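Trainee: Kindly return the folded structure for what I paste below:
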Amino acid sequence: MNRRFFFTSAFAGGLALALSSASAKDAGWDGTWAGVTQKGGDVVVTVSGDRVTYQFRGSSVPVNTAAVSGSAVTLGVGSLNGQVRLKKTGADTASYSYSDSSGGSASATLKRR
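Mentor: Below you'll find the model as predicted:
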């Protein structure tokens, strides 16, 4: 086996691995999604498989229920029966909406960090 063949094969294999990892990341929700609502509240949602954490204005908010699908993440959060919904708008962007039983609401665009 000559050196040129070896290096060409190694490069092609590494490139294929990198591309498959990138497309797997783009296809899923795993990662940290962050943005700011129209009222200035910082939002951070972190997804790792089926485990989801949620922060609003720098404070952790209890996640009571979580459902992660290919196109959306839906959470039941906090003591006001809040509903959070993330919907993919691109590989690394999502729309965020929040509503709760007291009439509170917010929306934002989140970006994957």
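Trainee: quick one: stretch 43-63 to chain centroid distance?
Mentor: In terms of CA atoms, centre = their mean, to the nearest Å, the centre of stretch 43-63 is set 10 Å apart from its chain centre.
Trainee: Which positions within it qualify as buried?
Mentor: By neighbour count on 16 or more other CB atoms under 10 Å, the buried set for stretch 43-63 is V43, V44, V45, T46, V47, V52, T53, Y54, F56, V61, V63. From N, CA and C alone the C-beta is placed, and that goes for glycine too.
Trainee: Quote the end-to-end distance of it.
Mentor: 14 Å (CA to CA, to the nearest Å).
Trainee: Quick one: mean pLDDT over that stretch.
Mentor: Mean pLDDT, computed over stretch 43-63, is 97.
Trainee: hang on, R85 packs against Y96?
Mentor: Yes. Assessed by CB atoms under 8 Å, R85 is found in contact with Y96 at 7.5 Å.
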